[in-house]
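S.K.: Sequence first, then the predicted structure:
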Amino acid sequence: MVIERTACESTYNKEKIQRLLEQIQITTENYSLYILACIHRSIVNERASYAPEHNERLEFLWDAVLELSITELLYTTFPDKTEWELTDIRSALVRGRNLALIARKLELWSYLLLWNGEEKSWGRESDYILANTLEAIIGAIYLDKWYGESHSFITSFIFPSLQDILDKRLYKDYKTLFQEESQAKFDITPRYEVLDESWPDHDKVFIVWAYLWEKLYGKWSWSSKKKAQEKAAENAFNSLN
């Protein structure tokens, strides 16, 4: 796939992308594809003549490529784990927070092309934008080099985060972690209480408290009761540790 040359494909941007490609060990003549992977939609929205296309179509590819690659790696690495265990670990590996952490290690923030408004609102620090940029780069590698090269990139730069995920049990949700920790330490199961429901029916906010015995360990408010419980459990788990 060759992207039509645009104003954003300047010598400056090409040299920047060359540094990124050296870092991730990719050799190519198709620099425009990787420049596209770093173009945030804010540029297209504000100045389409500079960059008429952004990276979200490339992001669309990453899901299938990354899931297949990670699934293959986990399947061969853990022959004794069940389907459900492998699914949980895979979810943790491809979670936005983990991808953003990897994007920071690769310093993808320095290659991003953002428009002024997004720059001023700290877009280069956004987990969401950084994770999406990494996803777009995987899509670019796939289009440029096909599956083998994208699998090598994922093996080299994403799969190594597995050990930290396993060590910190990040493949489990916080309700599970809080329950396991409280049962191991105190032989007691946590209790969650919806303390309050505020605002009208179409815009409710749930306030959830997480208890051990009658002691409050965590609380959170959210428009989703399930999300409020999960965040209350995260606070409680961190308090317990």
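M.R.: Sure, I can see it. Everything numeric here is computed off the predicted structure, so don't read it as measured data.

S.K.: Domains in the protein, by residue range?
M.R.: 11-167, 174-240 (automatic domain parsing).

S.K.: can you give me phi and psi for the residue of the chain most remote from its centre?
M.R.: Farthest-out residue of the chain from its mean C-alpha position, per CA atoms, centre = their mean: Glu214, at 35.9 Å. Here the main-chain torsion angles of Glu214 (degrees, to the nearest 10) amount to phi -110, psi 10.

S.K.: looking at the domains of the chain, which has the lowest confidence?
M.R.: For the domains of the chain, the weakest mean pLDDT is recorded on domain 174-240, namely a mean of 84.

S.K.: Quick one: end-to-end length of that domain, please.
M.R.: 12 Å (CA to CA, to the nearest Å).

S.K.: gap between Ser69 and Phe186?
M.R.: 41 Å (CB to CB, to the nearest Å). C-beta: built from backbone N, CA, C; applies to glycine.

S.K.: Which one's more surrounded, these two?
M.R.: Counted by other CB atoms under 10 Å, Ser69 and Phe186 do not tie: Ser69 has more neighbours, with 23 against 12.

S.K.: I'd assumed Ser150 was in contact with the more buried one.
M.R.: Yes - judged on CB atoms under 8 Å, Ser69 makes contact with Ser150 at a distance of 6.8 Å.

S.K.: Can you show me the helices along this structure?
M.R.: Listed in chain order, the helices of the chain (DSSP state H) span 11-23, 31-37, 41-46, 56-77, 83-94, 96-105, 116-120, 127-157, 162-167, 174-186, 225-240.

S.K.: Pick the most buried one from those helices.
M.R.: helix 31-37 (a mean of 24; mean count of other CB atoms under 10 Å).

S.K.: which other helices and strands contact that one?
M.R.: helix 11-23, helix 127-157 (3 or more CB pairs under 8 Å, 6 or more residues apart in numbering; DSSP states H and E).

S.K.: Could you find the closest non-adjacent residue to Ala100?
M.R.: Excluding the flanking residues, the one nearest Ala100 by CB to CB, 6 or more residues apart in numbering is Asp127, at 3.8 Å.

S.K.: Pro79: how many residues sit nearby?
M.R.: Residues lying near Pro79 (other CB under 10 Å) number 6.

S.K.: Name all residues that make contact with the spatially most central residue of the chain.
M.R.: Of all residues in the chain, the one closest to the mean position by CA atoms, centre = their mean is Gly96, 1.3 Å from it. Contact analysis of Gly96 by CB atoms under 8 Å, 6 or more residues apart in numbering lists Asp127, Tyr128, Ala131.
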